[in-house]
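# what follows is a predicted protein model with its sequence.
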Amino acid sequence: MSMLETTNLHKRFGELQAVDDVNLSIDREGIHSIIGPNGAGKSTLFHLLTGYLNPTGGEIRYKDEDIAGLPPRKIVQKGISRSFQIADLFEGLTVKENLQIATQALDEKRNSLWVDSESLTTTLEKTEQLLEDIELVDLADVRADALSHGDQRKLEIGLALAVEPDLILLDEPTAGMGKQESVQMVRLIRRLVDERDIKLILIEHDIGIVMRISDRISVLNRGQIIAEGSPEEIQQNERVQEAYIGTKRGEASE
Ligand SMILES: Nc1ncnc2c1ncn2[C@@H]1O[C@H](COP(=O)(O)OP(=O)(O)OP(=O)(O)O)[C@@H](O)[C@H]1O
């Protein structure tokens, strides 16, 4: 059974159908990538799945419950998380402080004036675990705005993990990275998915990375899904090749 399913999902901006009758089925395990040329509708689809945009039509079912149109906070509570931009968060705080705040957001007692020692211990333990998971133990006391670009992206993933999601959505986690940083990031993401047993939906422009990391791929073009399958199937699909004509080899939409 699938974990997340969209049925006839639409999002229109004026005359433009940015997401056009999308039927997507995401099963419970592994990494499912969404690829497609610039303007294909990938980010719009992510915004719909995470509550940042309301669909114009259609359904989004997560664990068999309709979540279309729910606000982002409610969707996070259901177990779906996405990466945040550090710029929108706490640049002046350290790596550890950022993770602590995100972890505390899970705690039902966060609005209470008195935090009991048990929940404080749990928060600290979870924060330590997150630091290890995202390989930032050595940089725990460094301010977020002093981190390298690659380490900021790791922290963004840590923040998304802090709410203990079952499903996580990452939008271009390797954007702006050099080759070596990208390889490290891909390795980290694969390990997290396997160790934490979470499902990942990924938007990624680098086709080389997509083919290496994905268990399944859906291809969007002009708001519609034009192909879905394993990396091998997608590589050989003629409609996909046509959609990418004119793009450089090894890059989907640059
Ligand atoms: N808020 C908005 N208002 C109007 N049009 C929008 C809005 N957001 C996106 N669009 C349009 O919807 C289409 C799909 O955009 P979207 O950003 O989802 O594509 P994408 O596949 O993520 O592209 P990219 O790879 O360049 O990030 C584009 O034509 C875009 O200009």
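Done, it's in.

# now do the end-to-end distance for stretch 217-234.
Stretch 217-234 has an end-to-end distance of 7 Å (C-alpha to C-alpha, to the nearest Å).

# then stretch 82-91?
So stretch 82-91: terminal residues 18 Å apart, C-alpha to C-alpha.

# go on, stretch 139-147?
Stretch 139-147: ends 8 Å apart by C-alpha to C-alpha.

# quick check: domain ranges of this protein?
Following automatic domain parsing, the chain resolves into domains at 1-31+40-74, 79-178+191-202.

# worst mean pLDDT among those domains?
Note on those: domain 79-178+191-202 shows the lowest mean pLDDT, a mean of 86.

# any idea how far apart the tips of that domain sit?
16 Å.

# near the ligand at all, it?
No: if you take C-beta under 6 Å from any ligand atom as the test, domain 79-178+191-202 misses the ligand, and the best it gets is 8.0 Å. Glycine gets a C-beta too; all of them are placed from N, C-alpha and C.

# and for stretch 223-239?
No: judged by C-beta under 6 Å from any ligand atom, stretch 223-239 makes no contact with the ligand; its nearest approach is 7.0 Å.

# got the buried residues for that stretch?
Neighbour counts over stretch 223-239 (16 or more other C-beta atoms under 10 Å) mark Gly223, Gln224, Ile225, Ile226, Ala227, Glu228, Pro231, Ile234, Asn237 as buried.

# between those, which has the least confident prediction?
On pLDDT alone, Asn237 ranks lowest of these, at 91.

# what's that residue sitting at in phi/psi?
Here is the backbone geometry of Asn237 (degrees, to the nearest 10): phi -80, psi 130.
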